[in-house]
Structures are given as structure tokens and as C-alpha cells.
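Q: how would this look folded up:
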Amino acid sequence: MQIIRFSAKGWRTRFDDGFDEVNVARIADAFAYIWARARPGATVYVGYDTRFAARRFAEAAARAIAGRGLKAVVSESPSPTPALGWTISRDDAAVGGIMITASGAPGEYGGISARGDDGGPVSDEFYDAAARIVSSAPVERIDEFMTADIVTPYLNHLVTTVDADVIAQKAPEVVVDAMHGSGRGYLASVLRRLGCRVHEIHGELLADFGGLQPTPVEPWVEVCEQAVRSFGCDVGFALDGDADRLGLVDGSGTFVTPHRMVPLVMQHLVEDRGELGRVVDTYSSSAYVRRQAERLGCPFTAVPMGFSRVYREFIENDVLIGADEFGGVCVPAHFKERDALLTALLVVEMICMRGQCLAQLVKELEENLGALHYIRRDMRLDAASIQAFRNILPGLYLPEVCGQRAVSVGHADGLVLRFGDDSWVQLRPSRTEPLVRACAEARDVRRAERLAEEACKGALRALP
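A: The predicted structure is shown next:
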């Protein structure tokens with residue numbers, strides 16, 4: 001049987017490389033064993049996206065869950081990951097959930113991940129425990145599982161989270177790019193209920209996403225950008241494969257990076273909605289988020305890369321917003337996981353309340369916070385070099401990059417060097433691929449590129 005190794009995202013692999021009903025059932029059985037020991041007879045919800053045979057995999061997972069004496073409930077239809085998490089968070093009988101999705105990965109990949117009893121991600125320790133007990137043989141499966149509509153109650157709740165009157169009064173025109181994922185039809189329907197004029201693209205049910213990679217960044221958002229220009233819309237939204245991350249396009253058809261989107265949502269929550277709290281983001285995200293937090297008077301916490309690290313900060317119950325570097329935004333008061341549909345509604349509410357177009361809001365943001373440009377580059381290495389990099393990383397120090405000495409050096413998430421002008425560079429080995437990610441930010445693009453390039457060269461020179 002295939003050896004299962006989990007990342008913070010669960011387990012992902014290609015359909016032609018072992019993602020099948022047998023392995024899904026083995027993994028679900030391991031998750032269920034842990035849950036059944038903690039809370040015998042509890043409820044476990046199972047959601048799934050629009051990929052190849054996703055419903056069939058969800059049912060295989062449910063049968064394995066039921067085999068452990070738990071109540072397995074499968075979504076009646078493809079469900080956004082936020083709908084699954086929100087449902088779990090509202091059900092006291094729920095001990096957790098399973099999502100069948102590979103999120104923004106290409107259509108040839110399948111994935112399975114676990115949710116905790118608050119709808120958020122499970123810990124690394126949970127996955128480590130599951131990996132140790134995954135059966136080495138096919139598991140016993142039974143047919144006793146239920147189905148339920150977990151999406152409609154979630155959508156009904158979303159409508160109540162924003163000011164419907166102000167949105168209906170402005171009636172903005174919007175493009176929704178569903179990217180053939182599990183958000184198809186759902187965000188469009190909520191926006192229409194709120195009075196928006198909506199054009200949905202890539203809303204067809206295509207198991208292979210029609211060759212599109214469901215990741216809401218360039219170049220995959222180009223069709224959304226073109227649609228915004230063609231229809232003359234106020235804003236465009238692109239959802240990833242399971243609708244937990246959002247891509248944003250302004251009325252001119254220009255992509256608004258997550259490093260601009262997150263500070264704008266923060267500003268809306270504090271200045272327009274009067275909400276307060278701590279801001280949590282990752283080390284590899286833009287300094288814009290920290291600058292905006294300081295401007296708004298919000299405490300700020302930076303954590304290592306990965307939303308599971310952001311999630312751990314929610315224990316204190318003082319977090320206003322948590323974000324990752326890829327466009328995932330979480331408002332813990334809603335529930336403790338990223339939600340692209342909620343983020344889109346907050347953006348619509350913001351432009352309607354402020355009476356300004358998104359491009360104007362971005363321009364004002366840059367005027368308030370100063371110019372910063374963010375880039376990311378990947379340095380692909382062979383397996384031996386990657387391991388050598390990991391070995392030297394705890395003591396790695398680059399005394400000078402691009403003629404500047406760092407004012408602070410951190411090793412909590414790879415190597416992070418920060419400079420006096422608020423520019424910075426990070427080198428971090430990928431946990432799933434044979435490469436080192438270099439992220440950098442500076443006042444101009446060229447300097448950011450040079451920081452990443454010189455830091456990579458310095459790291460290579462340090463290898464034994």
C-alpha cells in the first residue's frame with residue numbers, strides 16, 4: 001500500500017499516482033480513529049469540490065468514518081471549504097470534518113484534508129498521529145452515512161454579515177470568476193440577493209477545470225480581468241478551487257494583489273464597521289499589512305508561513321483578521337478559517353459605503369502607506385542541495401545583501417533579513433517541492449528583484 005505523508009494541507013497527489021478510493025478511505029479511517037477516541041458517536045461532516053469523482057471519494061471517506069461508529073454526513077452538493085468549516089463550527093455535535101479538495105492545484109490532482117471541531121485546520125500533531133496509524137491494508141467500509149445541505153444555511157448567514165441596504169442602493173456591477181470550482185453559482189447568487197448586477201464566468205461544472213488552474217493570481221485571472229473591462233464592471237472576484245482564497249480585480253481590469261487587498265479589508269473593518277482587534281499575518285507577507293495595522297492602531301503579530309500558524313493565534317480570541325500571503329483572509333468572528341466569499345462581500349460593502357472605486361482606494365492606500373513592491377522567485381535545487389540548505393539554515397547569515405546590512409535577522413521561518421528602509425528578503429525551503437522560495441519587498445521592483453537574486457546567490461555560496 002502507498003505510504004501516506006501529510007503536509008499542513010493534508011494529503012495531495014495526482015489521480016494517476018495513487019489518489020483513489022482505497023487511499024482516501026485509509027486516510028479517513030485514520031482521522032476517524034482519532035476522533036472516535038476523543039468523542040465516540042460524534043458527527044463528522046464531509047465536503048468535496050468539483051474535481052474528478054470528488055463525490056465518490058467523499059462517500060468512500062464517509063463509509064470509513066461510519067465504520068468507526070461516528071455519524072458521517074456528506075454534503076448534498078459540491079461545497080466550498082468555508083461552507084464545510086462554518087457548518088462544523090455551528091454544530092456542537094461535530095468533532096471535525098473532511099474536505100475532498102486539492103484547492104488551487106491543477107485538475108489532475110486530488111486532495112484530502114481534515115477540519116477541527118471549530119471549522120478551522122487541524123494541527124500538525126493531528127496529521128502526525130494520523131500518519132502513524134494509517135492502515136497498511138484496505139479498511140472496512142459500510143454504507144451508513146447521511147447527506148445534508150450544508151451550503152444553503154451558510155449562504156443565508158453570509159447575507160446577514162454585510163449591510164444589504166447600502167449595497168442594494170449602489171447596486172454595483174460585478175464579475176465572478178468561479179474558476180469551475182466549488183464556489184460556482186454560490187458567490188454569484190449571494191451577490192444577486194444583495195442587489196448586485198453579476199456576470200459569472202467559468203461557472204460550468206468541468207472536472208478538469210477546462211485546463212484552467214484554479215488559483216486566483218496572474219496569469220490565471222486574465223480572463224476575469226478581460227471580463228471586467230468588457231462588461232464595464234466595478235469589481236471582479238476570482239475564487240480558487242475550494243473558494244477559500246480570493247483574487248481581486250479593480251474596475252480598470254487591473255489585478256489587486258493580496259498585499260493590497262488585505263490592508264484594504266482591514267481598513268474597512270476598522271474605519272467603516274468600527275471593529276477592533278489584533279492583526280495576524282505571515283513573515284512572508286507584505287510590510288503593507290504591518291504598516292496598515294500600525295496606522296489603524298491595531299496590534300500586529302507575524303508568524304511563520306502557513307495558515308495553520310495564523311490559526312494558532314486565534315486561541316486568544318482577540319484577533320480581528322488573520323491572513324496568509326496568498327489571498328486567504330479569515331475574520332474569526334465569522335469562523336476560524338479563510339473564506340473567499342465573505343472577503344468578496346466585505347469588498348463590495350467597502351466600495352459601496354465609501355462611494356469610491358477600487359482603484360481610488362488602492363491609490364489612497366499607497367499614498368498613506370508609501371510605495372512597496374513585492375516579488376517571489378523560486379530557486380529549484382536537487383534533493384541533496386535542498387537538504388544541505390536545510391542543514392545550514394539555522395545558522396545561515398548573509399552579512400550584506402545589495403550593499404546593505406540587515407537591521408534584524410530571523411530564523412523562525414527560513415532566513416528573513418530586514419533592512420532599515422522597510423525592505424526585506426526571505427529564503428525558505430518548500431515543505432513539498434525541491435525548491436527554495438525567495439520573497440522580497442522594496443520601494444521599487446528592481447530593488448526587490450536584486451534582493452531576491454543576491455540572497456539566493458549568497459545562500460548557494462554558503463552550501464558545503
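
Q: so where's this protein shaky on pLDDT?
A: For the chain, residues meeting the criterion pLDDT under 70 lie at 432.

Q: residue contacts, the residue nearest in space to the middle of it?
A: The centroid of the chain falls nearest to Gly328 when counting by Cα atoms, centre = their mean (3.9 Å). Residues near Gly328 by Cβ atoms under 8 Å, 6 or more residues apart in numbering: 244-245, 307, 338, 340. Placement of C-beta: from N, CA and C, glycine included.

Q: pick out the most distant pair among those.
A: Phe307 and Ala340 (12.9 Å; Cβ to Cβ).

Q: neighbour-wise, which of these two wins?
A: Ala340 (27 against 24; other Cβ atoms under 10 Å).

Q: how near is the residue nearest to the centre of the chain to Val347?
A: Gly328 sits 14 Å away from Val347, taking Cβ to Cβ, to the nearest Å as the criterion.

Q: then Glu316?
A: Taken as Cβ to Cβ, the span from Glu316 to Val347 is 27 Å.

Q: who has more neighbours, these two?
A: Neighbour tally, Glu316 and Val347, criterion other Cβ under 10 Å: the higher count belongs to Val347, 25 against 12.

Q: could you point out which element follows the helix or strand that contains the more buried one?
A: Following DSSP states H and E, one finds Val347 within helix 340-354. Next along the chain after helix 340-354, taking DSSP H and E as the criterion, comes helix 358-369.

Q: let me see the contact set for Ser430.
A: Neighbours of Ser430 in contact, by Cβ under 8 Å, 6+ apart: 378, 436-437.

Q: strands - which of those land there?
A: Among the contacts of Ser430, the members falling in strands (DSSP state E) are 378, 436-437.

Q: show me which of those residues are buried.
A: 436-437 (16 or more other Cβ atoms under 10 Å).

Q: alpha carbons of the helix holding Val347, as CSV, please.
A: The C-alpha trace of helix 340-354 is given here as CSV (Å, rounded to 0.1, in the frame of the first residue of the first chain):
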residue,chain,number,x,y,z
ALA,A,340,-13.2,34.0,-0.1
LEU,A,341,-17.0,34.6,-0.3
LEU,A,342,-17.0,36.6,2.9
THR,A,343,-14.0,38.6,1.8
ALA,A,344,-15.7,39.4,-1.5
LEU,A,345,-18.8,40.6,0.3
LEU,A,346,-16.7,42.9,2.5
VAL,A,347,-15.0,44.4,-0.5
VAL,A,348,-18.4,45.1,-2.1
GLU,A,349,-19.7,46.6,1.1
MET,A,350,-16.5,48.8,1.3
ILE,A,351,-16.8,50.3,-2.1
CYS,A,352,-20.5,50.9,-1.6
MET,A,353,-20.0,52.5,1.8
ARG,A,354,-17.1,54.7,0.7
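
Q: got the angle between it and helix 358-369?
A: Using axes from the mean of the first three to the mean of the last three Cα atoms, to 10 degrees, one finds that helix 340-354 and helix 358-369 are set 80 degrees apart in direction.

Q: gap between helix 340-354 and the chain center?
A: Computed by Cα atoms, centre = their mean, to the nearest Å, the chain-centroid distance of helix 340-354 equals 18 Å.

Q: and whatever helix or strand Ser385 lives in, what other elements does it pack with?
A: Take DSSP H and E as the rule and Ser385 turns out to sit in helix 383-392. Packed against helix 383-392 by the contact rule (3 or more Cβ pairs under 8 Å, 6 or more residues apart in numbering; DSSP states H and E) you find strand 424-429, strand 435-442.

Q: please spell out which residues along it are buried.
A: Neighbour-count burial for helix 383-392 [16+ other Cβ under 10 Å]: 385-386, 389.

Q: what do you get for stretch 314-330?
A: Those would be 314, 319-330, for stretch 314-330 by 16+ other Cβ under 10 Å.

Q: could you dump these into JSON lines and include distance to Arg141 and secondary structure?
A: Shown next, in JSON lines, are the buried residues of stretch 314-330 (distance: Cβ to Cβ, whole Å; DSSP: H, G, I helix; E, B strand; the rest coil):
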{"residue": "Phe314", "distance to Arg141": "35", "secondary structure": "helix"}
{"residue": "Val319", "distance to Arg141": "39", "secondary structure": "strand"}
{"residue": "Leu320", "distance to Arg141": "43", "secondary structure": "strand"}
{"residue": "Ile321", "distance to Arg141": "41", "secondary structure": "strand"}
{"residue": "Gly322", "distance to Arg141": "37", "secondary structure": "strand"}
{"residue": "Ala323", "distance to Arg141": "39", "secondary structure": "strand"}
{"residue": "Asp324", "distance to Arg141": "35", "secondary structure": "coil"}
{"residue": "Glu325", "distance to Arg141": "39", "secondary structure": "coil"}
{"residue": "Phe326", "distance to Arg141": "35", "secondary structure": "coil"}
{"residue": "Gly327", "distance to Arg141": "37", "secondary structure": "coil"}
{"residue": "Gly328", "distance to Arg141": "33", "secondary structure": "coil"}
{"residue": "Val329", "distance to Arg141": "37", "secondary structure": "strand"}
{"residue": "Cys330", "distance to Arg141": "34", "secondary structure": "strand"}
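
Q: and the buried residues of helix 383-392, which is closest to Cys298?
A: Of all those, Cys298 sits closest to Phe389, with 35.3 Å by Cβ to Cβ.

Q: so how far is Ala302 from the closest residue to the closest one other than its chain neighbours?
A: Leaving aside its chain neighbours, Phe389 sits nearest to Pro429 (5.7 Å; criterion: Cβ to Cβ, 6 or more residues apart in numbering). Separation of Pro429 from Ala302 (Cβ to Cβ): 19 Å.

Q: all the helices of the stretch 1-150 of the chain, residue numbers only.
A: Using DSSP state H, counting those that start in this stretch, the helices of the stretch 1-150 of the chain run over 21-38, 54-66, 81-89, 124-133.
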